[in-house]
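In: Task: produce atomic coordinates for the following.
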Amino acid sequence: MVTYRKLLGIVTVFSLVIALALICTTSTARCDTTVDNETFTKSTASGWTLSGNAKLTAAGGGVDNVTGGSGWLRLTDNVTKNQAGSAVYGTAFTSGQSVQVSFTYASYGGTGADGLAFYLIDGATTAANITTGASGGALGYASNVSAGSNGATNGYVGIGFDEGGYFSSSYVGTCNPSCKGITPNSVVIRGSGNKLMGYNFLTNAPATIQTGSRSAANTVTITILNYKITVVLNGKTVINNYDISTALGQSVMPGTFKIGFSAGTGGSTNIHEIKNLSVTSVTADYNLALTALYSLSSYFGTPYGSFAAYTYNGSMYYAQGLASGGFLVAWSDGSILLSAGGQWYSTGLYWKTFTDMMNASQVIGQFYTTGASYYGGLYGGLTQGLATSGVYYVQGFNNGTALVAWPDGFLYIYDGTAVSTLGYQSAYDGTAYVGVGSIYTFTNGLANVYSGGVLSTNNAFWK
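Out: Next comes the predicted model:
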């Protein structure tokens with residue numbers, strides 16, 4: 001029977017490593033992570049198109065220009081009524097790329113309306129064609145048909161933080177099959193639209209929207225994963241896994257998206273501001289977790305059901321069911337946990353570092369192949385451990401030795417009694433070093449293995 005505390009001693013990961021290599025080299029997978037990070041605290045915001053009443057408060061003449069680095073993106077102010085402002089990032093990302101969006105917003109200083117929105121538009125929309133939606137309850141995203149005011153160009157989905165309540169009403173966009181009516185203090189999702197057409201009401205949920213000041217600003221995390229939208233406000237899930245792909249009135253999903261913010265005021269006013277935006281692709285994490293959990297599940301019987309992603313307090317985690325009734329979880333901190341028999345176990349594995357594991361496996365494999373007769377065969381599989389400096393990888397051999405890929409990026413050898421360094425350029429560059437079963441020479445930081453009359457080059461810098 002498998003003892004979970006000894007999992008590291010028995011798990012082999014070669015099939016997992018091969019699967020990862022395929023994922024990260026196919027044209028359909030994205031292994032990058034950051035779409036955009038923008039604080040909006042400075043006098044410029046590279047790549048962003050500001051329209052309508054939008055401005056950077058740290059720009060010349062702005063309210064924060066004298067304390068550079070402390071600014072906000074201000075979408076509306078409290079000086080005049082019936083404002084709308086927007087900001088759209090010019091770099092598009094693929095629509096199949098799931099994203100997690102985090103930002104801080106403040107709404108204060110006026111008479112309490114109307115609200116702000118985060119939205120996606122067709123990525124093919126050029127800067128010259130970007131427009132701000134209608135003012136007031138449309139929040140700068142949707143249209144106001146009765147007033148003849150267009151919505152944001154080529155909108156796909158808008159998530160509103162609605163103070164006044166009109167973003168849920170029939171005054172804005174369309175209502176198919178119906179709208180909720182005026183619903184103050186709510187998070188609202190509206191669908192795709194262009195000019196006067198569309199922007200259908202989809203769903204809403206109650207929340208405290210107005211902050212009253214900058215110092216009391218709200219934090220938002222929006223996750224769009226496999227067409228499902230989750231909205232977390234100040235650590236509380238407000239909307240959970242709303243499926244935009246099944247929503248009525250949605251246009252065909254474009255090939256790419258651009259992100260935007262907007263806000264609107266009408267008869268009432270408020271300052272609406274944004275800062276500290278982070279937009280991160282979660283597709284790479286999804287693929288890594290899928291590969292890890294599905295591969296490991298074979299060691300506990302048979303996978304059961306579908307791999308799925310979830311959010312908890314704004315963080316993503318992933319789960320794969322097992323036929324035994326338990327399940328494996330790729331937790332947000334990078335660890336892999338096992339639930340079995342009503343108990344939780346730590347597997348000692350870390351799903352976010354499987355790219356490093358692939359590299360370590362390849363380099364260790366080169367060294368092992370060169371000195372195979374000395375090592376006497378593999379002992380167990382490549383395993384992981386966690387040091388204070390990060391995750392390391394160990395491959396044991398039948399003669400009691402091991403190769404270790406350390407978090408610093410260098411390869412080490414354990415000869416049964418002590419650990420020796422392979423590849424420190426400062427110590428071994430241009431010199432010969434006698435290792436276990438072979439002679440290693442180091443030139444320009446590379447380890448060259450001499451064995452059996454053959455000199456082969458191996459990169460000791462395994463990362």
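In: looking at the sheet around Tyr393, what are its partners?
Out: Gln384, Ala405 (DSSP bridges).
In: So which bits of stretch 48-64 are buried?
Out: 48-59, 63-64 (16 or more other C-beta atoms under 10 Å). Where C-beta positions appear, they are placed from N, C-alpha and C, glycine not excepted.
In: What lies in contact with that stretch?
Out: Applying C-beta atoms under 8 Å, 6 or more residues apart in numbering, the contact partners of stretch 48-64 are 38, 40-45, 65, 67-77, 83-90, 127, 130-132, 140, 262, 273.
In: How far does that stretch sit from its chain's centre?
Out: 28 Å (C-alpha atoms, centre = their mean, to the nearest Å).
In: Also stretch 252-267?
Out: On C-alpha atoms, centre = their mean, the centre of stretch 252-267 falls 20 Å from that of its chain.
In: so for that stretch, what's the average pLDDT?
Out: Averaging pLDDT along stretch 252-267 gives 96.
In: Only alpha carbons, please: show that stretch as CSV.
Out: The C-alpha trace of stretch 252-267 is given here as CSV (Å, rounded to 0.1, in the frame of the first residue of the first chain):
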residue,chain,number,x,y,z
VAL,A,252,-19.5,35.5,-31.9
MET,A,253,-16.4,35.5,-29.8
PRO,A,254,-13.6,37.5,-31.5
GLY,A,255,-10.1,36.0,-32.0
THR,A,256,-8.6,38.6,-29.6
PHE,A,257,-9.6,40.9,-26.8
LYS,A,258,-8.6,44.3,-25.5
ILE,A,259,-9.3,45.4,-21.9
GLY,A,260,-10.8,48.6,-20.8
PHE,A,261,-12.3,50.6,-17.9
SER,A,262,-15.1,53.2,-18.0
ALA,A,263,-17.3,55.1,-15.6
GLY,A,264,-20.4,57.3,-15.9
THR,A,265,-22.3,60.0,-14.0
GLY,A,266,-25.7,61.5,-14.7
GLY,A,267,-27.8,63.7,-12.5
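In: show me where the stretch 1-150 of the chain has helices.
Out: 14-23 (DSSP state H, counting those that start in this stretch).
In: which non-adjacent residue is nearest Ala387?
Out: Take Ala387 and drop its neighbours on the chain: the residue closest to it by C-beta to C-beta, 6 or more residues apart in numbering is Pro407, 6.2 Å away.
In: So that neighbour sits against Ser389, correct?
Out: Yes - counting by C-beta atoms under 8 Å, Pro407 does reach Ser389; the two are 4.5 Å apart.
In: For those two, indicate the residue with more neighbours.
Out: Pro407 (17 against 9; other C-beta atoms under 10 Å).
In: Phi and psi next, for that one.
Out: Note on Pro407: its backbone torsions stand at phi -60, psi -20 [degrees, to the nearest 10].
In: List the contacts of it.
Out: Counting by C-beta under 8 Å, 6+ apart, Pro407 has contacts Ala387, Ser389, Gly390, Val391, Tyr392.
In: Tell me, what's the model's pLDDT at Ala418?
Out: The model's pLDDT for Ala418 equals 67.
In: wait, which of the contacts of Pro407 is closest to Tyr345?
Out: Val391 (18.5 Å; C-beta to C-beta).
In: Tell me the confidence at that closest one?
Out: At Val391, pLDDT is 77.
In: For Tyr199, which non-adjacent residue is spatially closest?
Out: Gly173 (3.0 Å).
In: ok, that neighbour to Ser149 distance?
Out: Using C-beta to C-beta, to the nearest Å, Gly173 is found at 11 Å from Ser149.
In: okay, and the common contacts of the two?
Out: Ala138, Ser143.
In: Thr265 - how many residues pack around it?
Out: The local packing of Thr265 (other C-beta under 10 Å) involves 34 other residues.
In: again with Thr417
Out: Around Thr417 there are 7 residues (other C-beta under 10 Å).
In: Same question for Thr80.
Out: Neighbour number of Thr80 under other C-beta under 10 Å is 10.
In: re the thing from before, can you tell me which of the contacts of Pro407 is nearest Asn218?
Out: Gly390 (33.9 Å).
In: show me what contacts the closest one?
Out: Counted by C-beta under 8 Å, 6+ apart, Gly390 has contacts Pro407.
In: repeat for Ala319
Out: Counting by C-beta under 8 Å, 6+ apart, Ala319 has contacts Leu293, Phe307, Ala308, Tyr310, Phe327, Leu328, Val329, Ala330.
In: Settle it for me: which of Gly173 and Ser149 has more neighbours?
Out: Neighbour totals were compared for Gly173 and Ser149, and Gly173 leads with 31 against 21 (other C-beta under 10 Å).
In: check contacts around the more buried one.
Out: By C-beta under 8 Å, 6+ apart, the contact list for Gly173 reads Ala138, Ala142, Ser143, Val145, Gly151, Arg190, Gly193, Gly198, Tyr199, Asn200, Phe201.
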